[in-house]
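got a sequence here, can you build the structure:
(2 chains)
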Amino acid sequence: MPETATQERQAAVADPGAAVTAEQRLRAHVETLERRLRKRDDQRRAMLHIMGDLSEFNKRLANQRKAMLHVLADYEQDRRRLARQTERLDSSRRALLHILQDSHQDKLRLEASRKAMIHIMGDLRETTAEMQRREQELRDKQEQLVQAGKLATLGELTTGVAHELNNPLNNIGLFVGNAVDLIELAVTEKGQIVRELGHAMQQVSKATEIISHLRTFGRAAPVSREPISLRQVIERALSLMREQLRLREIEVTVDLGPEEPVVLGNAIQLEQVFINLLTNARDAVAEAPRKAIRILGSTGSGAVEVSLADSGHGIPPGLERRIFDPFFTTKEVGKGTGLGLSITYGIINEHGGTISVVSPPGEGATFLIHLPLAPAETEETSR
Amino acid sequence: MTTTLSVLIVDDDPALLQALPQALRLRMGGVTVETAESAAAALERIAVQDYDAIVTDIKMPGMDGLALLAEIRTRRPDTPTLIITGHGENELVVRALRGGACDFIQKPIDRGYFVAALYRAIWAHVQNRKAKDRQLALESCAEELERIVQKLEGEPRAVPGRAES
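Numbers count the residues shown, from 1 in each chain, chains lettered A, B, ... in the order given. Down below sits the predicted model:
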């Protein structure tokens, strides 16, 4: 351009007309230059702005870097922590592996045990069957023994019972004889004859009662279980023994308390228990200065406790254990069978109860019977 | 024999104490029968009255028939005592007879036998008493005789000729 301008100025000098045109052209150049200058100025200002922004941005970046550094530090910490946890997890995993191995071994052992158990169970089943058979056998034998014992008891009771039966029979003979005499004497008053016969009837029913009781007692009835009143059982046993006890002047006291104990069992068997115990007590007090038998009862929750104490000389120490053994007797040969207490023991056992004896030195013996009460609903139905 | 006999029956069975006295009243006219329910009661009775006979059961609570018999033998040795025993109690019967019972009656009681035994006992008792009375009379006669004999011996041959006559 300067060359051009020079050329134009040369041309303008050479040619004035051409100078004007050159001036115009130059002016146009200046204007263009100015315009460009202004543009450049704008651009420079824009650049300055951009630079400022850039510096700002740079600052922010620096801050972010710092923050980033913090984050990195945190991250490093986390990483370390994680590494530690990983280590711990690893050891746990190893321990778990061990445990798993152990459990596997245990499982094997268990399996072996299970197999052994199955064998044992088989054996047990066989043994149980055998046991059940033996138990049944034992129960049958026990029943036979109870029956034999009953008959033995009846035998022992015979003397007393004969006396008891002889009295009403004798009285019947006398009353009827009196009636016959009155008729033969032609006594017109009927009342007197009827009175004699009435007395005879009373004696007949007394004898009948004794006989029917003996028959019930001796009968080999199937052993049934039903709710029965213990008070009644004791009273019936006493009624069979009363004459013997009365003649021997043995004072009998019975106190079962205000309750009415009802047990699930067999009335005749339980009656036999008390007859056996009363017979024992009767013989125990035979030589004692004071002859007394005391029957006490107390009913608790679910069970009744009955004690039968005598005022005899007690049981010699060391014999308490053997006293319930079959055929064990301290009586003379022919006086006792040695079965009474063993049968008593068996009966009480079968009723789910217990019997024991205490005999403190210098005192009489006390038999303690513990029997479970009948369940409440059974008791209800029996009423 | 006295006209009104009195008998005491001892037994612990109240029914027997009803039946037996009635039988005696029917079979032995005019007899007075009293009863006692125990040996102790019987002893109270015999302390105040002398019975012609006592009938007692042998088996009784408390004092039994044998013990009562022994008591009667000391307190009223002359009163005949009969014992009632059960059938077949032979040992007791022997003990009772040795103890001084004059007879025994077995249960069941045969009324005819019982009444006869009672009569016999009372009769024997009466005879006994008569015999004793006579013996006493005889003894006093004998004593009298002895006295007379002594007296006669004290007069030495006062009338010798009389002895020869």
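
so what sits opposite A:Thr366 in the bridge?
Beta-bridge pairing for A:Thr366 (DSSP bridges): A:Ala309, A:Val358.

what sits against it?
Shown in contact with A:Thr366 (Cβ atoms under 8 Å, 6 or more residues apart in numbering or on different chains): A:307-310, A:357-359. C-beta coordinates here come from the backbone N, C-alpha and C atoms, glycine included.

residue 6: how many residues sit nearby?
With no chain named, the answer covers chain A. Look at A:Thr6: counted by other Cβ atoms under 10 Å in any protein chain shown, it has 10 neighbours.

that's the other chain; I wanted chain B
So B:Ser6, with other Cβ under 10 Å, has 14 neighbours.

now do A:Leu214
Using other Cβ under 10 Å, A:Leu214 has 17 other residues around it.

tell me the residues of chain B that contact chain A?
B:13, B:15-16, B:18-20, B:22-23, B:26-27, B:59-62, B:86-87, B:107-109, B:111 (Cβ under 8 Å from any Cβ of the partner chain).

got a ChimeraX select line for the buried ones in these?
ChimeraX command restricting those to the buried ones, with burial defined by 16 or more other Cβ atoms under 10 Å in any protein chain shown:
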select /B:13,15,16,18,19,20,22,23,26,27,59,60,86,107,108,109,111
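
would JSON lines of the contacts of A:Thr366 with neighbour count be doable?
Converted to JSON lines, the contacts of A:Thr366 look like this (neighbours: other Cβ atoms under 10 Å in any protein chain shown):
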{"residue": "A:Ser307", "neighbour count": "15"}
{"residue": "A:Leu308", "neighbour count": "24"}
{"residue": "A:Ala309", "neighbour count": "20"}
{"residue": "A:Asp310", "neighbour count": "26"}
{"residue": "A:Val357", "neighbour count": "19"}
{"residue": "A:Val358", "neighbour count": "14"}
{"residue": "A:Ser359", "neighbour count": "22"}
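
quick one: mean pLDDT for the helix or strand containing A:Glu56?
Using DSSP states H and E, A:Glu56 maps to helix A:16-184. Averaged over helix A:16-184, pLDDT sits at 90.

excluding its backbone neighbours, what's nearest B:Ala117?
Among residues not flanking B:Ala117 along the chain, B:Asp103 sits closest, at 4.8 Å (Cβ to Cβ, 6 or more residues apart in numbering or on different chains).

point me to the residue of chain B nearest chain A.
Chain A sits closest to B:Ala19 of chain B, with a gap of 3.5 Å, by Cβ to the nearest Cβ.

burial count for residue 135?
Answering for chain A, as no chain was given. By other Cβ under 10 Å, the residues close to A:Glu135 number 11.

looking at chain B here, not the other one
11.

helices and strands around the one helix or strand it maps to, which ones?
Using DSSP H and E, the element containing B:Gln135 is helix B:111-154. Helix B:111-154 sits against helix A:16-184, helix B:14-27, strand B:53-57, strand B:81-85, strand B:103-106, with contacts defined as 3 or more Cβ pairs under 8 Å, 6 or more residues apart in numbering or on different chains; DSSP states H and E.

name every strand pairing with the last one and say which way it goes.
Translated: strand B:103-106. strand B:81-85 (parallel).

how far out from the middle of the chain is the partner strand?
Relative to the chain's own centre, strand B:81-85 is displaced by 12 Å; criterion: Cα atoms, centre = their mean, to the nearest Å.

quick one: that strand to helix B:111-154, angle?
Interaxial angle, strand B:81-85 versus helix B:111-154 (axes from the mean of the first three to the mean of the last three Cα atoms, to 10 degrees): 150 degrees.

only alpha carbons, please: show strand B:81-85 as PDB.
C-alpha atoms of strand B:81-85 as PDB (Å, rounded to 0.1, in the frame of the first residue of the first chain):
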ATOM      1  CA  THR B  81     -71.600-119.600 137.500                       C
ATOM      2  CA  LEU B  82     -72.300-120.900 133.900                       C
ATOM      3  CA  ILE B  83     -70.100-119.900 131.000                       C
ATOM      4  CA  ILE B  84     -71.300-119.200 127.400                       C
ATOM      5  CA  THR B  85     -68.600-120.200 124.900                       C
END
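
mind checking the pLDDT average for that strand?
93.

quick one, it and strand B:53-57 angle?
Inter-element angle recorded for strand B:81-85 and strand B:53-57: 20 degrees (by the same axes, to 10 degrees).

now do the same end-to-end measure for stretch B:83-98.
By Cα to Cα, to the nearest Å, the extent of stretch B:83-98 from end to end equals 12 Å.

again, but for stretch B:47-66
One end of stretch B:47-66 sits 18 Å from the other (Cα to Cα).

quick one: distance of it to the chain centre.
Centroid separation for stretch B:47-66 versus its chain: 12 Å, with Cα atoms, centre = their mean.

coming back round to it: next one: the helix holding A:Glu56 to chain centre, how far?
29 Å.

ok, stretch A:181-199 next?
72 Å.

now swap in stretch B:107-127 and tell me
Distance, stretch centre to chain centre, for stretch B:107-127: 11 Å (Cα atoms, centre = their mean).

what are the contacting residues of it?
Residues from elsewhere that reach stretch B:107-127, judged by Cβ under 8 Å, 6+ apart: A:166-167, A:169-170, A:173-174, A:177, A:181, B:1, B:5, B:7, B:20, B:23-24, B:27-28, B:52-53, B:55, B:78-80, B:82, B:84-87, B:102-103, B:105.

contact partners of stretch B:39-50?
By Cβ under 8 Å, 6+ apart, stretch B:39-50 touches B:6, B:8, B:10, B:34, B:36, B:51, B:54, B:56, B:60, B:62-65, B:67-68, B:71-72, B:75-76, B:79.

which of these are buried?
So, by 16+ other Cβ under 10 Å, the buried ones in these are B:8, B:10, B:34, B:36, B:51, B:54, B:56, B:60, B:63-65, B:68, B:71-72, B:76, B:79.

out of those, list just those in strands.
B:8, B:10, B:34, B:36, B:54, B:56 (DSSP state E).

can I assume A:Ala288 is in contact with A:Gly314?
No: using Cβ atoms under 8 Å, A:Ala288 is not in contact with A:Gly314; the gap is 10.1 Å.

so those two - more neighbours on which side?
The residue with more neighbours, out of A:Ala288 and A:Gly314, is A:Gly314; 20 against 14, by other Cβ under 10 Å.

got the contact list for that one?
Residues in contact with A:Gly314, defined by Cβ under 8 Å, 6+ apart, are A:284, A:359-365.

and which of those is nearest chain B?
The closest of those to chain B turns out to be A:Ala284 (Cβ to the nearest Cβ; 18.6 Å).

one step back: quick check, pLDDT for the residue of chain B closest to chain A.
In this prediction B:Ala19 is given a pLDDT of 93.

surely it and A:His199 touch.
Yes: counting by Cβ under 8 Å, B:Ala19 does reach A:His199; the two are 6.7 Å apart.

and the residue of the stretch 1-150 of chain A that's closest to chain B?
For the stretch 1-150 of chain A, Cβ to the nearest Cβ, closest residue to chain B: A:Lys150, 24.7 Å.

skipping its backbone neighbours, what lies nearest that residue in space?
A:Gln272 (5.7 Å).

so who does the one you found touch?
A:Gln272 sits next to A:146, A:149-150, A:153, A:217, A:237, A:343-344, A:347 when contact means Cβ under 8 Å, 6+ apart.

the same query, at a cut-off of 10 Å, please.
A:Gln272 makes contacts with A:146-147, A:149-150, A:153-154, A:217, A:233, A:237, A:266, A:340, A:343-344, A:347, as judged by Cβ atoms under 10 Å, 6 or more residues apart in numbering or on different chains.

against A:Glu87, how distant is it?
Plainly put, A:Gln272 is 83 Å away from A:Glu87 if you go by Cβ to Cβ, to the nearest Å.
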